[in-house]
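1. Provided below for reference: sequence and predicted model.
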Amino acid sequence: MKYDLIIIGSGPAGYVAAVKAAGLGKSVALVERAEEGGTCLNWGCIPTKALLKSAQVYTYCKNAAQYGVETIEPKADLQKMVARSRTVASNMNKGVQMLLKRSNVEVIKGFGRLVSPTEVDVDGIVYQADNIILATGARPRQMPFMPIDHKYIISSKDALSLEKLPETMVVVGSGAIGSEFAFFYASLGVKVTVVEYMPQLMPLEDEEVAKTMERVFRRLKIGVMTSTTVKSVTIADEKCLIETEGAKGSQTLTADIVLSAVGIKSNIENIGLEELGIAVERDKVVVDSLYRTSVPTIYAVGDIIATPALAHIASAEATRCVEGIYGVETEPIDYSIIPSCIFTTPEIASVGITEKQAVEQGIEHTVTRYQFAASGKAMAAGDRDGFVKIIFDKEKRVIGAHIVGANIVEMLGEVTLAQRLGITAEAISRTIHAHPSMYEGIAEAAEQA
């Protein structure tokens, strides 16, 4: 059978592209070898957030007396937390299946491989399409000095479904994945140490954010080792021996489990790229502004191209790609305005450039801050950690914002939209914000500018 469009991969890029194309009246097939919804929905963003919510509830229960609530001693049941997390992921998966069915997208189960510019082989059966989108996503990166065995050295996927809590854990890498799992397991009483190669915790975040979160981690008794290289991980007597090199010289750490959170690797092997001459550079498929590869009928979006590996970016690229294929006029994605979040407690939310980047780029700028310690809402909630930090250019327009605090990810929309539309500090400060609220902090920070 021939389709207008075949998409390989059903993650946040793939299924969004399929639904978008189907909505434009096109016949669409979606090839998926595993669960609909991809890694993010089934083994990433969604189940991780479910676990983090369980940790948050557990923490609230432990501290209930501070709120005038008497409780018996709470107990963290990891198996029940994991079961709830899997149920959440399963329900989301069913939702995607229903969406695809309602959109008349045909789902073809199996491993998809390009065999020509208009043909895809799925486990021996060849399907044709006028255009093909590659949305095969990524998987945890393996390092030769730290081979994942899924028992002692685990991946983020393994970390979602441990059968029992280890006593000790070393997390290698402090990006969003490493930091969220470090926080989760430390909240449940595991002695966690985070090892980061870069000079600061959470290396992509603003320096003030990183310093604040390092204090939070240390308060949780999470060990933080920055500017530290892991040389090797070996197993002896059912323990992991982690050889490191840092400011204090060589050290050997011991842990029950090592979580490798050192990034991701694109799923581009054995899908026919080499045979068709599709250009690849540094593990990423090369595309133009319309996400077209070096073969004009084949496109690529999401984690397999050289843009930030975030689910919401993948979905935006998928929409833009489909619109480009079918001649829908739309604006290109502005990659300088990409929101990102880390769901520890407190949460971290950012968009645009950091203060350090503004200095390095020679941009005339103003930095303003609002501390949640001054917030009535934060004080009432008992969550005073964090701040709002906004970076304005010389016209007093937002070019970056960095927020740390309790449940503040939902606040990010205002500053993201402000940056996209070029809204001034005055316009933000003159907009009435509800009181008491956390997002009053954005207006307060804007008023300072």
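-> Right, received. Where do you want to start? Numbering: from 1, shown residues only.

2. the nearest residue to residue 371 once chain neighbours are set aside: how many residues sit nearby?
-> Nearest in space to residue 371, with sequence neighbours left out and distances taken as Cβ to Cβ, 6 or more residues apart in numbering, is residue 387 at 4.9 Å. The way it works is simple: take the backbone N, C-alpha and C, and place the C-beta from them, glycine included. By the measure other Cβ atoms under 10 Å, the count of residues near residue 387 is 22.

3. for residue 387, give me the pLDDT.
-> Per-residue confidence at residue 387 stands at 98 (pLDDT).

4. my guess is it contacts residue 372, does it?
-> Yes - the pair residue 387 and residue 372 passes the contact test of Cβ atoms under 8 Å, sitting 6.1 Å apart.

5. tell me, what's touching these two both at once?
-> 405, 441 (Cβ atoms under 8 Å, 6 or more residues apart in numbering).

6. just the buried positions in the helix or strand hosting residue 179, please.
-> For residue 179, the element it lies in under DSSP states H and E is helix 176-187. Of all the residues in helix 176-187, those buried under the rule 16 or more other Cβ atoms under 10 Å are 176-187.

7. quick one: the closest residue to residue 114 other than its chain neighbours from residue 138, how far?
-> With sequence-adjacent residues excluded and distances taken as Cβ to Cβ, 6+ apart, residue 114 is closest to residue 272, at 3.1 Å. Relative to residue 138, residue 272 is positioned 18 Å away (Cβ to Cβ, to the nearest Å).

8. on that earlier part again, and the residue nearest to residue 114, how far is that from residue 130?
-> Counting by Cβ to Cβ, the gap between residue 272 and residue 130 amounts to 17 Å.

9. looking at these two, which has the bigger crowd around it?
-> Under the neighbour definition other Cβ under 10 Å, residue 272 and residue 130 were set side by side, and residue 272 has more, 20 against 15.

10. in the stretch 301-449 of the chain, which spans are helices?
-> Taking DSSP state H, counting those that start in this stretch as the test, the helices found in the stretch 301-449 of the chain are 311-325, 355-360, 376-381, 412-421, 425-430, 440-448.

11. list of residues touching the last one?
-> Contacts of helix 440-448 with the rest of the structure, by Cβ under 8 Å, 6+ apart, involve 368-370, 372, 375, 377, 387-390, 401, 403, 405, 411, 414-415, 425-426, 428-429, 431, 433-434.

12. before we move on, what about the third one?
-> Contacts to helix 376-381, defined as Cβ under 8 Å, 6+ apart, come from residues 372-373, 384, 386, 405-406, 435-438, 440.

13. middle-most residue in this protein, spatially?
-> When the chain is reduced to its mean C-alpha position, the nearest residue by Cα atoms, centre = their mean turns out to be residue 310, at 5.1 Å.

14. so where's the stretch 301-449 of the chain shaky on pLDDT?
-> The model of the stretch 301-449 of the chain has no residue with pLDDT under 70.

15. C-terminal to the longest helix seen in the chain, what's the next element?
-> As assigned by DSSP state H, the longest helix anywhere in the chain is helix 78-102. The element immediately downstream of helix 78-102 (helix or strand, assigned by DSSP H and E) is strand 106-109.

16. what mean pLDDT does the helix or strand that that next one is followed by get?
-> Next helix or strand after strand 106-109 toward the C-terminus (DSSP H and E): strand 112-116. Strand 112-116 carries an average pLDDT of 98.

17. ok, now stretch 179-188?
-> Per-residue pLDDT over stretch 179-188 has a mean of 98.

18. check contacts around the residue nearest to residue 51 when sequence neighbours are not counted.
-> Closest residue to residue 51 apart from its sequence neighbours, by Cβ to Cβ, 6+ apart: residue 85 at 5.0 Å. Residue 85 makes contact with 47-48, 50-51, 54, 160, according to Cβ under 8 Å, 6+ apart.

19. just checking, what packs against the helix holding residue 179?
-> Contact partners of helix 176-187 among helices and strands, from 3 or more Cβ pairs under 8 Å, 6 or more residues apart in numbering; DSSP states H and E: helix 45-62, helix 156-159, strand 168-172, strand 191-195, helix 207-219, strand 340-342.

20. against which helices or strands is the last one packed?
-> Contacts of strand 340-342 with other secondary structure elements, assessed using 3+ Cβ pairs under 8 Å, 6+ apart, are made with helix 176-187, strand 347-352.

21. let me have those in CSV, extended by distance to residue 212.
-> Written out in CSV, the entries for the helices and strands packed on strand 340-342 read as follows (distance: least, Cβ to Cβ, whole Å):
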stretch, distance to residue 212
helix 176-187, 12
strand 347-352, 9
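
22. and the ones you listed: which comes nearest residue 255?
-> Relative to residue 255, the nearest member of those by Cβ to Cβ is helix 176-187, separated by 11.1 Å.

23. now what about the closest one, what contacts it?
-> With contact meaning Cβ under 8 Å, 6+ apart, helix 176-187 is reached by 48, 51-52, 55-56, 58-59, 156, 159, 165-166, 169, 171-172, 174, 192, 194, 196, 201-202, 213, 217, 220-222, 259, 261, 340-345.

24. one more pass at 7 Å, please.
-> When contacts are taken as Cβ atoms under 7 Å, 6 or more residues apart in numbering, the neighbours of helix 176-187 outside the stretch itself are 48, 51-52, 55, 58-59, 156, 159, 169, 171, 192, 194, 202, 220-222, 259, 261, 342-345.

25. and the closest residue to residue 404 other than its chain neighbours, how many neighbours?
-> In space, not counting the residues next to it along the chain, residue 404 is nearest to residue 386; the distance is 3.6 Å by Cβ to Cβ, 6+ apart. Around residue 386 there are 26 other residues, counting by other Cβ under 10 Å.

26. residue 388 too?
-> Applying the criterion other Cβ under 10 Å, we find 28 residues in the vicinity of residue 388.

27. for residue 379, same thing?
-> Close neighbours of residue 379, defined as other Cβ under 10 Å, add up to 13.

28. residue 389 too?
-> The local packing count at residue 389 equals 24, with neighbours defined by other Cβ under 10 Å.

29. repeat for residue 166
-> Residue neighbour count, defined by other Cβ under 10 Å, stands at 18 for residue 166.

30. am I right that it sits in a helix?
-> No - under the criterion used here (DSSP: H, G, I helix; E, B strand; the rest coil), residue 166 is coil, not part of a helix.

31. gap between the two ends of stretch 164-174?
-> Between the start and the finish of stretch 164-174 there is a gap of 23 Å, counting by Cα to Cα, to the nearest Å.

32. ramachandran angles for residue 131?
-> Backbone dihedrals for residue 131, given as degrees, to the nearest 10, come out at phi -140, psi 150.

33. distance check, it against residue 304.
-> Residue 131 sits 17 Å away from residue 304, taking Cβ to Cβ as the criterion.
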